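Chemist: quick one, fold the following:
(2 chains)
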Protein chains: 2
Amino acid sequence: MNEKLNNLVLHSIRQYRKPNTLDLTVGEGHFQAPFNAKLGVYEALLMNQTKYSTISGEESLRKKFASKYYSQYDYEEVVVTNGATQGIFITLMAIINNNSDEIIVLAPYYPAYAQIITLLGAKPVIVDTKDHDFKISITKLKEYLTHNTVGIIINEPCNPTGVTYTLEEKLELLKLFREHKMYVIVDEVYRAYTNEDHVSFAELIDLKLKEQFIFVNSLSKSHLITGFRVGFVLSNKQIISNLQKLNWMIIGSLSKLLQEGASNALDDDYYPNFVKRYYINNTRYLQDELDELNIDYVKGNGGYYVFVRTDQMGLDDEGFTNLFSEKYQLAVVPGRIFGENYQNYVRVSCCRDVKDIIRFVEVLRELK
Amino acid sequence: MNEKLNNLVLHSIRQYRKPNTLDLTVGEGHFQAPFNAKLGVYEALLMNQTKYSTISGEESLRKKFASKYYSQYDYEEVVVTNGATQGIFITLMAIINNNSDEIIVLAPYYPAYAQIITLLGAKPVIVDTKDHDFKISITKLKEYLTHNTVGIIINEPCNPTGVTYTLEEKLELLKLFREHKMYVIVDEVYRAYTNEDHVSFAELIDLKLKEQFIFVNSLSKSHLITGFRVGFVLSNKQIISNLQKLNWMIIGSLSKLLQEGASNALDDDYYPNFVKRYYINNTRYLQDELDELNIDYVKGNGGYYVFVRTDQMGLDDEGFTNLFSEKYQLAVVPGRIFGENYQNYVRVSCCRDVKDIIRFVEVLRELK
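Modeler: Residues are numbered from 1 along each chain as shown, chains lettered A, B, ... in the order given. Modelled structure (predicted):
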């Protein structure tokens, strides 16, 4: 039996959901899936699209996704995965080669990153970003680079902080990645929830850097189809060829029905844009109210989470979480699952009805 | 970059499909998915079942599947996977612990087994069965057991031979597994295509042996929903707990829509039974004709493949495959991908329209 698995404790975020509470835990939008997505599945059912898809996913879906969001990539540089989760897993499996390999993970971080790296026999090197506005600084990053460094994961916008990098900061990072060859995994599942002026790393890399970059994304958050499990990995052809092999061995292929639904969802921007505005408004509203109440939080400008400090209220993350769920029927996620330095933070998810965010603010006001 | 992946050559069976040929390659039934399966997805769409499922899969589906096919197992001893492929992958990942671990694979074998084992850093120990009616003999198996043996994969009915074990043979094997502790992975994806008197290992194991056994199955073949990607792994709670962790890290969860479709498909036996009779008839028909023509083949009595010898016709597997596809527009799979001793065999898939099997026989007759 795999000892690494025996020792692994699931940091599933869903465990913090409680019955009969307002749920501000999960990263799953409360609006329904777009009608277009459902219609796409229905049409595919009528057309009996119930046989195997290809190992890389449907060509039409890969073409549409790449041309819409990653025009730097050809459809042959895309594989479709069972959500971004599988995208992260196979990407790490493709780049990790032996037990001395190190992958840099920027804290606070989505807990599965470090766990997958450990499971695959490599070493997650956790680099904290708290004392630099929750962004990695070039100087600090350099301190952690060794000859064993094979890659870094950048989650932008970051879960749980919402932090993104400016164009200038990105160019600085690219300079570093040019000097220090390593794989750069950019997890952009929250990219839809950014301001108009946001620029992805994908728009800045040249052919040389393309050899190092791997983008992971999905339609789960942007198109409210978490349950469709349609994710994407984009990279150069050599890496993609290995990801195809992994897809073949790990999942065989993905459902054509759901790929057709996802593809159809991509044809409509009105509804995803409405949802984007709604959740960004929720997030800004919460940030404004926290400012008003003088409660500290990480000033992210992307995604739909707010990472809120709890110690000013005399509570650690678990104290806060317990108080809020038991006394006020409001569920949030304790910060410690995002890194050991975050026992005085909670993550509040704003992809909910605005009434739920208002209720959360009311309780904060009551407690202050 | 993962060197093991760079060196891996995909033995995808789909690559032997050719345009404009009668396709006797893939293990994908030519009949459409049952109406019930499609109706289940449609109803789930109407009910907006488009959010995350649970890590282990829907409780209702696990209950229905276990009580119908594996009454020895409780639903808490079942995880739902993206097809049997993912079931095999996570099972191997759960039991392999270090680089000296050996997993016994009985040749001829489904090529992904050995490749996944190698990818996961363990050693596939290929044990040939050709000289013992394509079944493993206890004596021979014992020769291959070392203190590094952690498991064995038994594919029953076997792909590509259709071979199954008698009750007596199974009891002998169980005696061995009682003495020599190892994990026994039983891949039963073709179990639906067996005779009435077939007994699964699942029906024979006691609580003690249950600690060692892991069953992998799916509805792809039995219910013609290859494209739904609904597989199952059944085992004791300790192993299942680790498989749940792997599901969380590798896929997050599976689509609820497709699980509802699969669950609905389980309510109807008439159509799957019709399909079963049809494909078994095709298989028996081909075997009878081969007998008539004095062409050697493996006398399997399950599944829907026939593993046919080619050297009596003066051809090796590739010669046969090329001749049949180029001259007769008939595609079959060369034997060598199932093991190095099988360069004089081809696998013929009988889950097709009977007319295609008749055409294949006509060509054989012409060539003799």
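
Chemist: spatially central residue in chain A, please.
Modeler: The structure's chain A has its C-alpha centroid closest to residue A:189; by Cα atoms, centre = their mean the separation is 4.3 Å.

Chemist: list phi and psi for the closest residue to residue A:201 other than its chain neighbours.
Modeler: Setting aside the residues directly before and after it, residue A:201 is nearest to residue A:186 in space (Cβ to Cβ, 6 or more residues apart in numbering or on different chains), at 5.2 Å. The way it works is simple: take the backbone N, C-alpha and C, and place the C-beta from them, glycine included. For residue A:186, the backbone dihedrals are phi -110, psi 110 (criterion: degrees, to the nearest 10).

Chemist: next up, the contacts around residue A:186.
Modeler: Residue A:186 sits next to A:154, A:155, A:156, A:200, A:201, A:202, A:213, A:214, A:215, A:216 when contact means Cβ atoms under 8 Å, 6 or more residues apart in numbering or on different chains.

Chemist: who's it bridged to?
Modeler: residue A:154, residue A:215 (DSSP bridges).

Chemist: using the three-state scheme, assign the residue nearest to the residue nearest to the centre of chain A when sequence neighbours are not counted.
Modeler: Using Cβ to Cβ, 6+ apart and skipping residues adjacent in sequence, the residue nearest residue A:189 is residue A:84, 4.8 Å away. Here residue A:84 is recorded as helix under DSSP: H, G, I helix; E, B strand; the rest coil.

Chemist: likewise for residue A:125?
Modeler: Assigned by three-state DSSP, the conformation of residue A:125 is strand.

Chemist: which ones are touching it?
Modeler: A:102, A:103, A:104, A:105, A:144, A:149.

Chemist: would you list every one of the strands in the stretch 151-300 of chain A?
Modeler: A:183-187, A:213-218, A:231-234 (DSSP state E, counting those that start in this stretch).

Chemist: Serialize those strands to a markdown table and add fields for mean pLDDT.
Modeler: Below are these laid out as a markdown table (pLDDT from 0 to 100):
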| stretch | mean pLDDT |
| --- | --- |
| strand A:183-187 | 98 |
| strand A:213-218 | 98 |
| strand A:231-234 | 98 |
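
Chemist: could I get those strands as a markdown table with distance to residue A:47?
Modeler: Listed next are the strands of the stretch 151-300 of chain A as a markdown table, based on distance: least, Cβ to Cβ, whole Å:
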| stretch | distance to residue A:47 |
| --- | --- |
| strand A:183-187 | 34 |
| strand A:213-218 | 25 |
| strand A:231-234 | 23 |
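
Chemist: what about whichever residue of the stretch 51-200 of chain A sits closest to chain B, neighbour count?
Modeler: Taking Cβ to the nearest Cβ, chain B has its nearest neighbour within the stretch 51-200 of chain A at residue A:85, 3.8 Å off. Neighbours of residue A:85 under the rule other Cβ atoms under 10 Å in any protein chain shown: 25.

Chemist: grab the nearest non-local neighbour of it.
Modeler: Closest to residue A:85 by Cβ to Cβ, 6+ apart is residue B:252, at 3.8 Å.

Chemist: now the one you found: how far from residue B:84?
Modeler: 19 Å (Cβ to Cβ, to the nearest Å).

Chemist: ditto for residue A:368
Modeler: Following Cβ to Cβ, the distance that separates residue A:368 from residue B:84 is 55 Å.

Chemist: also residue A:49?
Modeler: From residue A:49 to residue B:84 the distance is 21 Å (Cβ to Cβ).

Chemist: of these two, who's got more company?
Modeler: Per other Cβ under 10 Å, whichever of residue A:49 and residue B:84 has more neighbours is residue B:84, with 25 against 19.

Chemist: and the closest residue to residue A:331 other than its chain neighbours, what is it in contact with?
Modeler: Distances taken as Cβ to Cβ, 6+ apart place residue A:21 nearest to residue A:331, at 4.5 Å, with adjacent residues excluded. Contact analysis of residue A:21 by Cβ under 8 Å, 6+ apart lists A:325, A:329, A:330, A:331.

Chemist: check residue A:33 too.
Modeler: Contacts of residue A:33 (Cβ under 8 Å, 6+ apart): A:223, A:224, A:225, A:227, A:228, A:265, B:48, B:50.

Chemist: ok, how many other residues are close to the fifth one?
Modeler: Residues within reach of residue A:228, counting by other Cβ under 10 Å, total 32.

Chemist: tell me the contacts of it?
Modeler: A:33, A:37, A:219, A:220, A:258, A:261, A:262, B:50, B:255, B:257.

Chemist: tell me the gap between the longest helix along chain A and the middle of its chain.
Modeler: If you go by DSSP state H, chain A has its longest helix at helix A:270-292. Its chain's C-alpha centre and that of helix A:270-292 lie 18 Å apart, by Cα atoms, centre = their mean, to the nearest Å.

Chemist: which strands and helices lie in contact with it?
Modeler: strand A:305-309, helix A:354-367 (3 or more Cβ pairs under 8 Å, 6 or more residues apart in numbering or on different chains; DSSP states H and E).

Chemist: what lies in contact with it?
Modeler: A:29, A:31, A:34-36, A:162, A:192-193, A:222-224, A:265, A:296-297, A:299, A:303-306, A:308, A:348, A:350-352, A:354, A:357, A:360-361, A:364-365.

Chemist: which of these are buried?
Modeler: A:29, A:34, A:36, A:162, A:192-193, A:222-224, A:265, A:296-297, A:303-306, A:308, A:348, A:350-352, A:357, A:360-361, A:364 (16 or more other Cβ atoms under 10 Å in any protein chain shown).

Chemist: from these, which are also near chain B?
Modeler: Residues of the buried ones among the contacts of helix A:270-292 in contact with chain B (Cβ under 8 Å from any Cβ of the partner chain): residue A:224.

Chemist: just the CA trace of stretch A:227-238, in CSV.
Modeler: Extracted in CSV, the C-alpha atoms of stretch A:227-238 (Å, rounded to 0.1, in the frame of the first residue of the first chain):
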residue,chain,number,x,y,z
GLY,A,227,-20.3,19.5,-12.7
PHE,A,228,-19.4,19.2,-16.4
ARG,A,229,-15.7,18.6,-15.5
VAL,A,230,-14.2,20.3,-18.6
GLY,A,231,-10.7,21.6,-18.0
PHE,A,232,-7.9,22.5,-20.4
VAL,A,233,-4.1,22.4,-20.4
LEU,A,234,-2.2,24.4,-23.0
SER,A,235,1.5,24.1,-23.7
ASN,A,236,4.0,23.4,-26.4
LYS,A,237,3.7,20.2,-28.5
GLN,A,238,6.4,18.2,-26.6
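
Chemist: can you give me the end-to-end distance of stretch A:91-102?
Modeler: 14 Å (Cα to Cα, to the nearest Å).

Chemist: report whether it contacts chain B.
Modeler: Yes. Judged by Cβ under 8 Å from any Cβ, stretch A:91-102 and chain B are in contact via A:93, A:94, A:95, A:96, A:97.

Chemist: that older thread, does the residue nearest to residue A:85 touch residue A:86 like I think?
Modeler: Yes. Shown here, residue B:252 and residue A:86 form a contact pair, counting by Cβ atoms under 8 Å, at 7.5 Å.

Chemist: does the closest residue to residue A:194 other than its chain neighbours lie in a helix or a strand, and which?
Modeler: Closest residue to residue A:194 apart from its sequence neighbours, by Cβ to Cβ, 6+ apart: residue A:302 at 4.3 Å. Using DSSP states H and E, residue A:302 maps to neither a helix nor a strand.
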